[in-house]
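Visitor: no sequence for this one, just the structure:
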């Protein structure tokens, strides 16, 4: 139920409609429980999607665990994680190919833009540390990124 409400809030926010009554339903929610659920989805997604696609979800996750966010911002972050990490999409990749990835990218970019003021350097570092733990460290030389063996 909470996941559905968060996804509806995301849709309302994207189309510019107020979602006040829905946000009110989320007040008092234990976001720790939902951040744990998000973490599970991210770990499953990471194995299939790889380092680059997982980066934004980890940034969303570590920002979601911040205490300074409003209920609306938490709902948007949680919905963004769920929308990107869950295989069911508005435009399924298996049917729409590249276009099926565009909706995920658009949602990710939109949510990132809305919460970017809450993304601290510490959050980005935690995301990079997790990526290094899961996928191994990378080095950047010029414009090329290579995994260190």
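Guide: Received it, and whenever you're ready, just let me know what you need. If you're wondering where the values come from, they're calculated on a predicted model, not measured in any experiment.

Visitor: which one is residue 118 nearest to, not counting chain neighbours?
Guide: Leaving aside its chain neighbours, residue 118 sits nearest to residue 63 (5.5 Å; criterion: C-beta to C-beta, 6 or more residues apart in numbering). Heads up, the C-betas are built off the backbone N, CA and C, glycines and all.

Visitor: now swap in residue 108 and tell me
Guide: On the basis of C-beta to C-beta, 6+ apart, the spatially nearest residue to residue 108 that is not a chain neighbour turns out to be residue 56, at 5.0 Å.

Visitor: Can you tell me the element that neighbour falls in?
Guide: Following DSSP states H and E, the helix or strand that holds residue 56 is helix 51-64.

Visitor: what about the strands in the protein?
Guide: With strands called from DSSP state E, the chain shows them at 138-141, 144-147.

Visitor: Of those strands, which shows the lowest average pLDDT?
Guide: Lowest mean pLDDT within those: strand 144-147, a mean of 58.

Visitor: just how off-centre is the helix holding residue 56 within its chain?
Guide: On the basis of C-alpha atoms, centre = their mean, to the nearest Å, helix 51-64 sits 6 Å off its chain's mean C-alpha point.

Visitor: same question, stretch 5-19
Guide: Here stretch 5-19 is found 16 Å from its chain centre; the criterion is C-alpha atoms, centre = their mean.

Visitor: For the chain, give me the ranges with low pLDDT.
Guide: 88-91, 139-149 (pLDDT under 70).

Visitor: quick check: longest helix of it.
Guide: Counting residues, the longest helix found in the chain (DSSP state H) is helix 31-49.

Visitor: Quick check: buried residues in that helix?
Guide: Buried residues in helix 31-49, counting neighbours by 16 or more other C-beta atoms under 10 Å, are found at 31, 34, 35, 38, 39, 41, 42, 45, 46, 49.
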